[in-house]
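In: what's the 3D shape of this:
(chains A and B)
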Amino acid sequence: MDDFLIRALAAGFGVAIVAGPMGSFVVWRRLAFFGETLAHSALLGVALGLVLHFSATLGIIAVALLIGVLLVIGEGQGGRGRPGLPTDTLLGILAHTALAAGLVALALLDPVRVDLMAYLFGDILAVGTADILWIYGTGAVALGVLMAIWRPLLAITIDAELARVEGVKVRAVRLVFVVLMALVISVSLKIVGIVLITSLLVIPAAAARRFARTPEQMAVGAALIGCAAVALGMAGSFHWDTPSGPSIVLGAALIFAVVSLWPTRRPRRRARGSGKISRSG
Amino acid sequence: MSIDPAPANPTPREGETGTLVEVRGICLSFGATEVLSDAGLTVREGEVVTLVGPNGAGKTTLIRVLLGLLRPDSGTVWLRPGLSIGYVPQSLSVDPVLPLSVRRFLELPRRPRPGGIERALAEVGAGHTLDLPLQTLSGGETRRVLLARALLREPDLLVLDEPVQGVDLTGQAELYGLIGRIRHERGLGVLLVSHDLHLVMAATDEVICLNHHVCCAGRPEMVSRHPEYIALFGPAIAQSFAIYAHAHDHEHDAAGRVIAVPGPEEAGDNGEGGGGDG
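Out: All right, here's what the predicted structure looks like:
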């Protein structure tokens, strides 16, 4: 196998392993649109990196962090007498404004130096050793932090107010999670690009739900399914000479379809007699 | 002696031993809508306080202020230092996409001592739910599991928001019986929010009737004869207690706004005709 294929697989697995657990929370907390918004802001980050002469990755992280933190703060302000728009509408406005602003900014700045297609759809075959180190370094940190906040984050996911009464620092945990999202999205961009990144978070987690009995099983299952999707997509891409990012997403979708059609016996509750009502005897 | 029919300002009890929580003078508006106006309550050790009132009266809002989930526009919340509160929210909706058994739910947000989960579930009579997915529980079972999670915190005060909502009548009586038993066995203070007083009467030490402000407060047999209570809940519910009556200083219109009623002697602010000598 060629070196660039090995590097691509290594990078893809690294991203999938982190995207599994993160994606599970995205699914549980219904943050798909939120992730999309962060991803769409990435082009603005690239532009920022160009203007300020530092790397595109740093620019992406900076802009994603800014938007993520603003959204968490805005969420905290919501509800008090504000005739608010639904969250998904606000995110829709923000996401596509950010994407459009990024496209315009890049066109104004330097249309030659930026490979727009690589950012939009990923370019996994172009990853170098430094990229792989960056993916695994960031991924290890993200997974470590996620494990540290696992229980409080799960508690918030189930019932934020109950968690807060029980002493969980809800705002702080949410901010940490947003930072993790920004990091993971910034490193995943290389693989599937801005347009398809949410699918890498959502589809493996959704597929893993079918067999999971605990949150942890779903997180690990999502990571494994993500890796399988990367392998499948790369194989398809190599075999049919198709673009790698979309092929990986199609691989994930294929796994999801197979899993969904897989016949499983739903764990049914044993019917318990409701003998409480009967007064006879 | 007279019973204060509308203690808008409860006497300060912060110095008194045994007070778990004292909420005073809470005013809170959402936009132009005033939800709470000078509302307050006090819960002492081993005491069951029930907050009654119609829908939209601000009961849950007052609870949320007490729990620190809402910041009031004005007013004070005093909690005994180190007070541990067990909170049972009005509802729990966990998306089926999150695979979660009752056991795992009770391990949040911190893992309890070994055996603690089994003991707490047994205490609330829900031992059989231990390994069931949370989403398959009935309304009554969900309440019991939530109660177990509250008990795992070794609370000094239990706060229950509509603990029997969505539970059938038999289950309601069972749940109230359970709450009463836990209170006696553990000697903790209980703050209940409820629509209907008649179910909780027997186990309640103090009833606070709330309709944006505290309409009346006192022992349940007093409150249930209070004209404001009868006006709020209708004569059918209050019928069995409708012996006691006295003059009061205001009424509510359909929107819950206070309408001043000129009393016999220029309607004093409180204490007017409150003789509880029925």
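In: Need the per-residue pLDDT for residue 54.
Out: If you meant another chain, say so; for now it's chain A. Here the pLDDT value assigned to A:F54 is 80.
In: not what I meant, chain B
Out: 80.
In: One more: A:M1?
Out: pLDDT, read off for A:M1, is 64.
In: Same question for B:S224.
Out: B:S224 is given a pLDDT of 69.
In: what's B:V94 sitting at in phi/psi?
Out: phi -110, psi 120 (degrees, to the nearest 10).
In: roughly how far apart are it and A:T129?
Out: To A:T129, B:V94 is 44 Å away according to C-beta to C-beta, to the nearest Å. To be clear about C-beta, it is placed using only N, CA and C from the backbone, and glycine gets the same treatment.
In: quick one, which of the two is more surrounded?
Out: B:V94 (18 against 11; other C-beta atoms under 10 Å in any protein chain shown).
In: For the more buried one, give me the pLDDT.
Out: 88.
In: Can you give me the neighbour number for A:L125?
Out: Neighbours of A:L125 using other C-beta under 10 Å come to 17.
In: didn't it look like it was pressed against A:I6?
Out: No - here A:L125 does not reach A:I6: they are 11.1 Å apart, not a contact under C-beta atoms under 8 Å.
In: Residue of the stretch 101-250 of chain B nearest chain A, please.
Out: As assessed by C-beta to the nearest C-beta, chain A sits closest to B:P109 within the stretch 101-250 of chain B, at 3.7 Å.
In: count of residues packed around the nearest residue to that residue once chain neighbours are set aside?
Out: The shortest distance from B:P109 to any non-neighbouring residue, by C-beta to C-beta, 6 or more residues apart in numbering or on different chains, is to A:A155 (3.7 Å). Using other C-beta under 10 Å, A:A155 is surrounded by 23 other residues.
In: State the pLDDT value of the residue in chain B positioned nearest to chain A.
Out: Residue of chain B nearest chain A, by C-beta to the nearest C-beta: B:G31 (3.2 Å). We note a pLDDT of 83 for B:G31 in this prediction.
In: Repeat that for A:A142.
Out: Looking at A:A142, its pLDDT stands at 95.
In: same check, this time on A:E161
Out: Confidence score, pLDDT, at A:E161: 91.
In: Hmm, B:L69 and it touching each other?
Out: Yes - counting by C-beta under 8 Å, A:E161 touches B:L69, with 5.5 Å between them.
In: All the helices of the chain, residue numbers only.
Out: Unless you meant another one, I'm taking chain A. Here chain A has its helices, by DSSP state H, at A:3-28, A:32-40, A:42-52, A:56-77, A:87-109, A:116-121, A:129-148, A:150-158, A:160-165, A:170-209, A:215-240, A:244-261.
In: not quite, I wanted chain B
Out: Applying DSSP H to chain B gives helices spanning B:59-66, B:102-106, B:116-123, B:139-151, B:169-186, B:197-200, B:220-223, B:227-233, B:235-238.
In: just for the stretch 151-281 of chain A, where's the confidence low?
Out: In the prediction, the stretch 151-281 of chain A carries residues with pLDDT under 70 at positions A:264-281.
In: Mind doing that once more with 50?
Out: A:270-281 (pLDDT under 50).
In: what's the answer for chain B, then?
Out: For chain B (pLDDT under 50), the answer is B:1-14, B:239-248, B:263-278.
In: which bits of it sit near chain A?
Out: Residues of chain B lying close to chain A by C-beta under 8 Å from any C-beta of the partner chain are B:29-32, B:64, B:67-69, B:85, B:87, B:89, B:92, B:94-95, B:97-101, B:104-105, B:107-111, B:128, B:132-133, B:136, B:149, B:153, B:170-171, B:174.
In: same thing but at 7 Å, please
Out: B:30-31, B:67, B:69, B:85, B:87, B:89, B:92, B:94-95, B:97-100, B:104, B:108-110, B:132, B:136, B:153, B:170 (C-beta under 7 Å from any C-beta of the partner chain).
In: I'd like to know which of these are buried.
Out: Among the residues of chain B next to chain A, the ones that count as buried by 16 or more other C-beta atoms under 10 Å in any protein chain shown are B:67, B:69, B:85, B:87, B:89, B:92, B:94, B:98-100, B:104, B:108-109, B:132, B:153.
In: can you tell me the residue of the stretch 101-250 of chain A closest to chain B?
Out: A:A155 (3.7 Å).
In: Show the contacting residues for that residue.
Out: Listed by C-beta atoms under 7 Å, 6 or more residues apart in numbering or on different chains, the contact set of A:A155 reads A:163, A:168, B:108-109.
In: A:I149 now?
Out: Contacts of A:I149 (C-beta under 7 Å, 6+ apart): A:173, A:176.
In: And the contacts of stretch B:97-113?
Out: Here stretch B:97-113 has contacts from A:27-28, A:151-152, A:154-155, A:157-158, A:163, A:166, A:168, A:209, A:212-215, A:218, B:94, B:117, B:120, B:129-134, B:145, B:148-149, B:152, using C-beta under 7 Å, 6+ apart.
In: Point to the residue nearest the middle of chain A.
Out: Centroid-nearest residue in chain A, with C-alpha atoms, centre = their mean: A:L201, separated by 3.7 Å.
In: ok, and the closest non-adjacent residue to that residue?
Out: Among residues not flanking A:L201 along the chain, A:G23 sits closest, at 3.6 Å (C-beta to C-beta, 6+ apart).
In: residues touching the one you found, list them.
Out: So A:G23 contacts A:201-202, A:204-205, A:222 (C-beta under 7 Å, 6+ apart).
In: domain parsing for chain B?
Out: Domain assignment for chain B by automatic domain parsing gives B:1-84+B:155-243, B:98-154.
In: Distance to A:I60 for those - can I get that in a markdown table?
Out: Formatted as a markdown table, the domains of chain B follow (distance: least, C-beta to C-beta, whole Å):
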| stretch | distance to A:I60 |
| --- | --- |
| domain B:1-84+B:155-243 | 35 |
| domain B:98-154 | 30 |
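In: Of all these, which one is nearest A:V46?
Out: If you check each of the domains of chain B against A:V46 by C-beta to C-beta, domain B:98-154 wins as the nearest, at 34.9 Å.
In: Could you work out the end-to-end span of that closest one for me?
Out: 27 Å (C-alpha to C-alpha, to the nearest Å).
In: For that domain, what is the distance to the chain centroid?
Out: 22 Å (C-alpha atoms, centre = their mean, to the nearest Å).
In: residue contacts, the closest residue in space to B:T142 that isn't next to it in sequence?
Out: Closest residue in space to B:T142, ignoring its immediate chain neighbours: B:L92 at 5.8 Å, by C-beta to C-beta, 6+ apart. Taking C-beta under 7 Å, 6+ apart, we find B:L92 in contact with A:159, B:142, B:146.
In: With that, I have no additional questions.
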